[in-house]
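Engineer: Give me a 3D structure for the following:
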Amino acid sequence: MDFFNLFTPDGVMLEPGVIYTVIALMFLYTFVGICAGFGGGLTTMPLVTLMLPVKMATPLSVIVGTATAIYATWLSRKETDWRSAAVLIGFSFLGIPVGLYALSYLPDHIMKIGLGGFLILYSFYSMFIPRLPIYDRRWIAAPLGAIAGALGAAFSTNGPPVVMYGMLRNLGPAAFRGTLNAFFTANNIAVVGGLATSGILTISTFKLVIFCIPTMILGSLVGQYVHKRISVKVFRVLVFLLLIASGAMLIKGALGVSAATALLPPFVLLAILQILLGKKIAEIRKVDASK
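Structural biologist: So this is what the prediction gives:
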């Protein structure tokens, strides 16, 4: 039975209930990623960190994301802008040590506050910034790649800066998807290597990934089924609402405040912005979609 005993990087044995919950959450990871086309790691990471320390949640999420990214990269290899992807990947390597340092030495509650705040800000950005101005310059891959590398190593959330890069460069849908997938594959592999050499990645984490494989496969299948039967726009909004709530609950746990204190400010602000800007943003997106 020793094979089923799992420990955190600090040597604390995980309770069976925690393991079962994390295994179930990996269903959500692949379900959201397949159904919405984004957000598997963003959605699941804050929920997993409610169960596990960040030092164990991050490598778990990175490994799961790597498996998905490798397959997606192979499928989109012909459409990938490999030159842009190479620059993004190269500069992301500069950011990875920063993220690993934060993951290794910053207290867990500080990391959770940082992740919670990042998720809330990213959700508001995605919901209320209809589009970015086009800035077709390859040099922007340098800062955005480095930031993505740091976020990927610290929180397994390297997607937002790379998405911003694709939007600023105005890449076509196929090139956009292919370039992002190539970046995620290379960056995640590098992050896994960094986690392993720094001692953060443990045998228990690998075993936990193995335990999660059935729910990951099931989540992918159900996600593909739902994707064909639900409005992607509606589902994306639901994902962002979940991200805001998850980020607020991470901050609640880290600061020891009440749920109402953590949840009310972002959702009140969300309601105000929706009243003031919602109609205008919907019109802008409708025009963009018709082009």
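Engineer: going forward, measure contacts and count neighbours with C-alpha atoms only.
Structural biologist: Noted.
Engineer: Can you show me the CA trace of stretch 4-23 as CSV?
Structural biologist: Output of stretch 4-23 as CSV, limited to C-alpha atoms (Å, rounded to 0.1, in the frame of the first residue of the first chain):
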residue,chain,number,x,y,z
PHE,A,4,-0.7,4.9,-2.6
ASN,A,5,0.8,7.0,0.2
LEU,A,6,1.5,10.5,-1.2
PHE,A,7,3.4,13.3,0.5
THR,A,8,3.8,17.0,0.0
PRO,A,9,7.4,18.4,-0.7
ASP,A,10,7.5,19.2,3.1
GLY,A,11,6.9,15.6,4.0
VAL,A,12,3.2,15.8,5.1
MET,A,13,1.1,12.8,4.2
LEU,A,14,-1.9,13.6,2.1
GLU,A,15,-5.3,12.4,3.3
PRO,A,16,-7.3,10.1,1.0
GLY,A,17,-10.1,12.8,0.7
VAL,A,18,-7.6,15.3,-0.6
ILE,A,19,-6.2,12.9,-3.2
TYR,A,20,-9.7,12.0,-4.4
THR,A,21,-10.6,15.7,-4.7
VAL,A,22,-7.5,16.5,-6.7
ILE,A,23,-8.2,13.5,-9.0
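Engineer: residues making contact with that stretch?
Structural biologist: With contact meaning C-alpha atoms under 8 Å, 6 or more residues apart in numbering, stretch 4-23 is reached by 48, 51-53, 55-56, 200-202, 204-205, 207-208, 211-212, 215.
Engineer: in it, what counts as buried?
Structural biologist: By neighbour count on 16 or more other C-alpha atoms under 10 Å, the buried set for stretch 4-23 is 6, 7, 8, 9, 14, 19, 22, 23.
Engineer: Point out the other helices and strands that the helix or strand harbouring residue 64 packs with.
Structural biologist: Element membership for residue 64, per DSSP states H and E: helix 54-75. Packing partners of helix 54-75 (3 or more C-alpha pairs under 8 Å, 6 or more residues apart in numbering; DSSP states H and E): helix 40-48, helix 82-105, helix 108-128, helix 141-155, helix 173-197, helix 203-227.
Engineer: Put the alpha carbons of that helix into CSV.
Structural biologist: Extracted as CSV, the C-alpha positions of helix 54-75 are listed here (Å, rounded to 0.1, in the frame of the first residue of the first chain):
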residue,chain,number,x,y,z
VAL,A,54,1.6,25.6,-4.2
LYS,A,55,4.9,23.7,-4.4
MET,A,56,2.9,20.5,-5.3
ALA,A,57,0.0,22.0,-7.2
THR,A,58,2.3,23.8,-9.7
PRO,A,59,4.2,20.8,-10.9
LEU,A,60,1.0,18.7,-11.1
SER,A,61,-0.6,21.3,-13.3
VAL,A,62,2.5,21.8,-15.5
ILE,A,63,2.8,18.0,-16.2
VAL,A,64,-0.9,17.7,-17.1
GLY,A,65,-0.6,20.8,-19.3
THR,A,66,2.5,19.5,-21.0
ALA,A,67,0.8,16.3,-22.1
THR,A,68,-2.0,18.3,-23.7
ALA,A,69,0.3,20.8,-25.3
ILE,A,70,2.5,18.2,-27.0
TYR,A,71,-0.5,16.6,-28.7
ALA,A,72,-1.9,20.0,-29.8
THR,A,73,1.5,21.1,-31.1
TRP,A,74,1.7,18.1,-33.4
LEU,A,75,-1.8,18.7,-34.8
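Engineer: What residues sit buried inside that helix?
Structural biologist: Buried residues in helix 54-75 (16+ other C-alpha under 10 Å): 54-66, 68-70, 72-73.
Engineer: any idea how far residue 243 lies from residue 123?
Structural biologist: 7 Å (C-alpha to C-alpha, to the nearest Å).
Engineer: before we move on, what about residue 85?
Structural biologist: Separation of residue 85 from residue 123 (C-alpha to C-alpha): 25 Å.
Engineer: try residue 276
Structural biologist: Using C-alpha to C-alpha, residue 276 is found at 17 Å from residue 123.
Engineer: More neighbours: the two, which one.
Structural biologist: Legend: neighbour count by other C-alpha atoms under 10 Å for residue 276 and residue 123, higher for residue 123 (21 against 11).
Engineer: Count the neighbours of the closest residue to that one other than its chain neighbours for me.
Structural biologist: Nearest residue to residue 123, sequence neighbours excluded (C-alpha to C-alpha, 6 or more residues apart in numbering): residue 240, at 5.4 Å. Neighbourhood size, residue 240 [other C-alpha under 10 Å]: 21.
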